[in-house]
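[1] What follows is a predicted structure for the sequence shown.
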Amino acid sequence: MAGIGIRLHRLVADGSYAQAATAYLSSAIIVAGPWLSSVFWLGLLGSATVTFLNPAERALVLTTITYAFCASLLATGGLQMVVTRYLSDRLYLEDETALGPACTGVMLAVIPLLALAMPFLLLAPFGLSYRLVAASLFVAVSLIWLIVVFLSATRDYVRLVLVFVAAYGFSVIAAFGLGRSFGMLGTLYGFTLGQVMCLCLLVAHVYVEFSPGTGLSLDFLAYLRRYWDLLLLGLGMAAGLWIDNVLFWFSGGALVVAHFYHTYPAYDVAKLVALLSTIPAATVFLVQLETTFDLHCRKFYQLVVSKGVLADIVLARKAMQRAARSTVVTILKVQLLVDLFMLLFAPDLVRILGMPTGHTALLRFLVLGASCQSLLMVGVLLLLYLDARRSALAVALLFAGSSADLTLLTLRLGAPCYGCGYLAAAALSALVVLLRLRSCLARLEYLTFMLQPLDPRQ
């Protein structure tokens with residue numbers, strides 16, 4: 001992300017107001033384009049199916065899609081982090097020829113993903129056709145998350161956004177066309193077909209940019225053992241993001257869709273709106289803040305590698321500290337403005353979204369929680385810049401564990417406290433990660449020099 005962010009940063013720093021506006025708009029598209037397109041098309045799908053599906057069938061389709069997305073992120077969150085580290089190392093060594101074969105190797109991840117889906121295929125209390133299409137959707141979406149990691153290396157983010165917009169548009173059109181003829185199963189088949197199309201387009205784009213070579217590479221598998229902490233970190237962050245939703249799905253006030261499919265529409269909608277409110281801060285972060293820290297970070301380690309004098313290394317470290325502090329302060333300012341708007345107009349948003357009037361406090365709690373989570377993500381990312389993987393992992397596990405425990409507590413306390421568990425967990429985790437980041441930056445010379453292995457072969 002820093003590579004594209006640096007180019008956008010230059011537009012803001014050196015260009016006209018029109019160029020700056022273009023940079024921020026491009027950043028918004030990069031950050032939220034695929035996400036917003038999926039939200040838009042799924043919302044359109046829910047509206048379009050009213051004409052040919054009854055409420056129970058429509059609820060089952062949308063719940064199946066939601067569960068597939070949730071399960072796929074949990075299944076691949078850790079592997080995404082490991083593959084990202086592998087690709088980063090290859091790019092650092094200017095070994096781009098390894099990316100195409102590695103993509104082919106990652107595609108073989110479909111095998112363990114099918115193993116994860118086997119209990120559902122064999123035991124789920126649904127018809128065989130439904131089980132097959134639901135498992136296919138899970139596998140396709142899981143592979144999409146993994147292939148998108150490779151697309152980040154191409155830095156052709158506009159094409160990536162266009163692929164998602166086109167694929168989701170096709171998903172909805174196919175779901176509508178097949179649904180009118182074959183009902184609920186046709187709708188789900190059509191949507192799954194669009195996701196398979198998205199996967200094929202993404203893979204083709206990777207192979208155009210990076211030749212697949214003569215075979216496949218499974219070298220990234222060695223990183224699973226070497227970087228097991230990244231594997232757990234990705235899983236922990238994914239679990240922290242979804243665990244409160246899952247607990248609400250199976251709470252006493254949840255809606256039973258079919259068999260073990262449950263949902264809590266008010267909480268899900270409020271959480272989605274809350275997460276969408278973090279897009280402005282993420283946009284600013286990409287354009288200016290991450291690139292500023294990235295430049296100082298590169299300078300620090302270049303001085304270390306080139307055996308620079310200690311005074312220059314200390315100055316570079318202090319510049320990193322100022323950049324990190326500026327990052328957090330600017331995100332707080334931007335997010336505070338968004339939060340004030342969201343908190344003020346929460347009653348109107350609840351009415352527009354069709355949520356029960358008593359859920360205004362829920363939306364406000366979740367908006368504040370999402371803001372804390374954005375700070376948490378920034379802190380974790382900056383820790384990974386410093387290769388403080390164990391610290392980042394500890395924070396991720398804290399986030400997942402505290403979110404589960406505190407959400408269970410709020411469920412017992414009743415509706416007035418709903419959303420407080422997520423807010424408290426995100427706030428606590430954000431505070432811990434920022435304190436840990438400050439500590440790491442203050443001791444960066446020690447961490448860089450004194451913790452290296454005595455044997456250079458290690």
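    Noted; the coordinates are in hand.
[2] The residue nearest to L447 when sequence neighbours are not counted: which element?
    With sequence-adjacent residues excluded and distances taken as Cβ to Cβ, 6 or more residues apart in numbering, L447 is closest to C440, at 6.4 Å. Quick note: C-beta positions are derived from backbone N, CA and C, even for glycine. Take DSSP states H and E as the rule and C440 turns out to sit in helix 420-442.
[3] Next SSE downstream of that helix?
    Per DSSP H and E, the first helix or strand lying C-terminal to helix 420-442 is helix 444-449.
[4] List the buried residues in that following helix.
    444, 447-448 (16 or more other Cβ atoms under 10 Å).
[5] Name the nearest of those residues relative to M81.
    Taking Cβ to Cβ as the measure, L447 is the one of the buried residues of helix 444-449 closest to M81, at 20.7 Å.
[6] Wait, that closest one touches S391, no?
    No: assessed by Cβ atoms under 8 Å, L447 is found out of contact with S391, at 10.2 Å.
[7] Which residues are in contact with each of those two?
    Common contacts of L447 and S391 (Cβ atoms under 8 Å, 6 or more residues apart in numbering): C440.
[8] quick revisit: and the residue nearest to L447, what does it touch?
    383, 386, 388, 391, 447.
[9] Check this structure for me, the residue farthest from its geometric middle.
    V309 (39.6 Å; Cα atoms, centre = their mean).
[10] Distance-wise, check that residue relative to L315.
    Per Cβ to Cβ, to the nearest Å, V309 is found 10 Å from L315.
[11] now the strands for this protein?
    With strands called from DSSP state E, the chain shows them at 255-258, 261-263.
[12] Sketch out the low-pLDDT regions of the stretch 101-250 of the chain for me.
    Within the stretch 101-250 of the chain, the segments meeting pLDDT under 70 span 152-158, 212-214.
[13] how about 90 then?
    Of all residues in the stretch 101-250 of the chain, those with pLDDT under 90 make up the ranges 101-118, 121-123, 144-169, 172, 202-221.
[14] Tell me, how many residues neighbour the closest residue to L409 other than its chain neighbours?
    Leaving out its chain neighbours, the residue that sits closest to L409 by Cβ to Cβ, 6+ apart is G421, at 6.2 Å. Look at G421: counted by other Cβ atoms under 10 Å, it has 26 neighbours.
[15] And the one 5 residues further on, by the same measure?
    A count of nearby residues for A426, using other Cβ under 10 Å, gives 28.
[16] And for V39?
    Around V39 there are 16 other residues, counting by other Cβ under 10 Å.
[17] Show me where the stretch 201-350 of the chain has its helices.
    Remark: helices assigned in the stretch 201-350 of the chain by DSSP state H, counting those that start in this stretch are 222-226, 228-249, 265-276, 279-284, 290-305, 310-344, 346-352.
[18] Would you mind giving these as CSV with mean neighbour count and distance to V148 added?
    Shown next, in CSV, are these (neighbours: other Cβ atoms under 10 Å; distance: least, Cβ to Cβ, whole Å):
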stretch, mean neighbour count, distance to V148
helix 222-226, 13, 18
helix 228-249, 22, 14
helix 265-276, 21, 18
helix 279-284, 21, 16
helix 290-305, 18, 18
helix 310-344, 16, 24
helix 346-352, 15, 30
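[19] Switch those helices over to JSON lines; also include distance to G186.
    Shown next, in JSON lines, are these (distance: least, Cβ to Cβ, whole Å):
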{"stretch": "helix 222-226", "distance to G186": "39"}
{"stretch": "helix 228-249", "distance to G186": "26"}
{"stretch": "helix 265-276", "distance to G186": "24"}
{"stretch": "helix 279-284", "distance to G186": "34"}
{"stretch": "helix 290-305", "distance to G186": "44"}
{"stretch": "helix 310-344", "distance to G186": "38"}
{"stretch": "helix 346-352", "distance to G186": "31"}
